[in-house]
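Peer 1: no sequence on this one, just coordinates:
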């Protein structure tokens, strides 16, 4: 069976800080995990790529696997340079607010941006596949849901 979700994670990112780590124990989800280094060639086929420059995500995008890249904002362009496939770029609503307390000592955080688990949860909700069990193990789950009630009506 083909994956419903493809998650690309940079090996250099700490799994202890990754909001997606609890999903690794879930064998009921159709997730393909791809761990890579920057520059590794990756083929994904035709996918819906979550990307801030895309068109709004909708249930019409259900016919392709969802691709989520779990990396820092500064690494995202370099990761995508070596990912090949047919991308349908789609974005999440711009008004979503992260519950994850982002603080970088080295780089300025973008004004928008979500923890990877928040982005995945929001995307699946917009695809009419809401699954709050994805948030189990995410410390800020209740804050995420309370902060973004408009997504979940």
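Peer 2: Received it, and whenever you're ready, just let me know what you need. What you are looking at is a predicted structure, and each value in this text was computed from that prediction instead of being measured. Residues are numbered from 1 along each chain as shown.
Peer 1: Please go through this protein and pick out the longest helix.
Peer 2: With secondary structure taken from DSSP state H, the chain has its longest helix at helix 116-126.
Peer 1: from the chain's centre, how far out does that one sit?
Peer 2: Counting by Cα atoms, centre = their mean, to the nearest Å, helix 116-126 is centred 7 Å from the centre of its parent chain.
Peer 1: Give me the buried positions along the longest strand along the chain.
Peer 2: In the chain, ranked by residue count with DSSP state E as the criterion, the top strand is strand 42-56. By 16 or more other Cβ atoms under 10 Å, the buried positions in strand 42-56 come out as 42, 44, 47, 48, 49, 50, 51, 54. Any C-beta I mention is one placed from the backbone N, CA and C, and that applies to glycine too.
Peer 1: who touches the third one in this structure?
Peer 2: Residue 47 makes contact with 6, 64, 65, 66, 67, 85, 86, 87, 88, according to Cβ atoms under 8 Å, 6 or more residues apart in numbering.
Peer 1: cool, the first one as well?
Peer 2: Residue 42 sits next to 8, 34, 36, 82, 83, 84 when contact means Cβ under 8 Å, 6+ apart.
Peer 1: pLDDT at it, what is it?
Peer 2: Residue 42 is assigned 97 on the pLDDT scale.
Peer 1: what do you get for the last one?
Peer 2: Here, the pLDDT recorded for residue 54 equals 93.
Peer 1: Could you measure from it over to residue 27?
Peer 2: Per Cβ to Cβ, to the nearest Å, residue 54 is found 30 Å from residue 27.
Peer 1: that older thread, nearest to residue 93, out of the contacts of residue 42: which one, please.
Peer 2: residue 8 (22.6 Å; Cβ to Cβ).
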